[in-house]
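# With the input below, show me the fold.
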Amino acid sequence: VTGLGGYQGYCVNMDLKNLSKDSLIIEVEAGRRLNSLDDKVQDILIVKEEFISLRNLEEKNFKIKGYCCQASNSAPPANAKYDVNKMADSNLVKLARFLNAGKFNNDTEQQAIWALSDKKPTATISGINDTLLLPLKQLVCNMKGEVMPWYSLISGTYVFNNGTIYNYPLVLKGKLAYSSDTEEYATLYVFDAKGQQVCQVKCEWIKSGQNNSFALNIPVKGLAKGKYSIALKTPQKELAKKEFEI
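Now for the predicted structure:
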């Protein structure tokens, strides 16, 4: 088993040769963890099962779909060596089987794995279709013993020349529920864990009425890791407040 020079998607190459005297059908399971022979390079979690038929002495070469499950290690270079190792822990196996049965993009699947394997924020599991994402997020939250986050963190990933992976938040998306008896001129603020104002995001007129929704699309790049709160305020009162974490 060798790396193809990536850390997500069809990033691993596998060579199989049937050494038996009979034909074989080999299953490569979703949830198998490929162990890097270099401890500085990431292990890969297989998320797409494959069934390979082999005649006696036949050899086949094929690509395997998997993702990094050690975010603190380096991305595998081309021809990185792996052994077939064993099945991952039970939670990662459940997640891999869920991904095997679903249709998500590479970034969504990678963030789901890192949320579990490296305790990255579950809110980073994001994508275009929220309806499909909710069961995935709920599965990860259940395995982590967390409450479903009310927001999503759109993140970016940069791979340095030495293989180090840097994953960073870009935008916070979500909705604040608020009620107001009159139309008001309101301001959105972000506070850190000490209650100090980090930034004033924007000001705008908001509608009157009960259980209104204020859509959030806030740049958070550059904010340090930690807990924050976001508040919607008028000069007279606070209309809504929610906590989030980066």
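# Could you pull up phi and psi at residue 7?
Main-chain dihedrals, residue 7, degrees, to the nearest 10: phi -120, psi 0.
# Just the pLDDT for it.
On pLDDT, residue 7 comes in at 94.
# Tell me the strands beside the lowest-mean-pLDDT helix or strand in the chain, with direction?
Ranking every helix and strand in the chain by mean pLDDT, DSSP states H and E puts strand 197-206 at the bottom, with a mean of 81. Paired strands of strand 197-206, with direction, are strand 184-192 (antiparallel) (DSSP bridges).
# can you pull up the bridge partners for residue 185?
In this entry, residue 185 is beta-bridged to residue 205, by DSSP bridges.
# what sits against it?
203, 204, 205, 206, 234, 235 (Cβ atoms under 8 Å, 6 or more residues apart in numbering). C-beta coordinates here come from the backbone N, C-alpha and C atoms, glycine included.
# measure it to residue 239 for me?
Distance of residue 185 to residue 239, given as Cβ to Cβ, to the nearest Å: 11 Å.
# Quick check: nearest residue in space to residue 200, chain neighbours excluded?
Nearest residue to residue 200 in three dimensions, chain neighbours excluded: residue 189, at 5.7 Å (Cβ to Cβ, 6 or more residues apart in numbering).
# And the pLDDT at the one you found?
Note for residue 189: predicted pLDDT of 92.
# Same check on the one 4 residues further on?
pLDDT, the model's per-residue confidence, is 92 for residue 193.
# ok, now residue 129?
With respect to pLDDT, residue 129 has a value of 64.
# Report the buried residues of the longest strand along the chain.
Taking DSSP state E as the criterion, the chain has its longest strand at strand 165-180. Across strand 165-180, burial judged by 16 or more other Cβ atoms under 10 Å covers 165, 167, 169, 171, 172, 174, 176, 178, 180.
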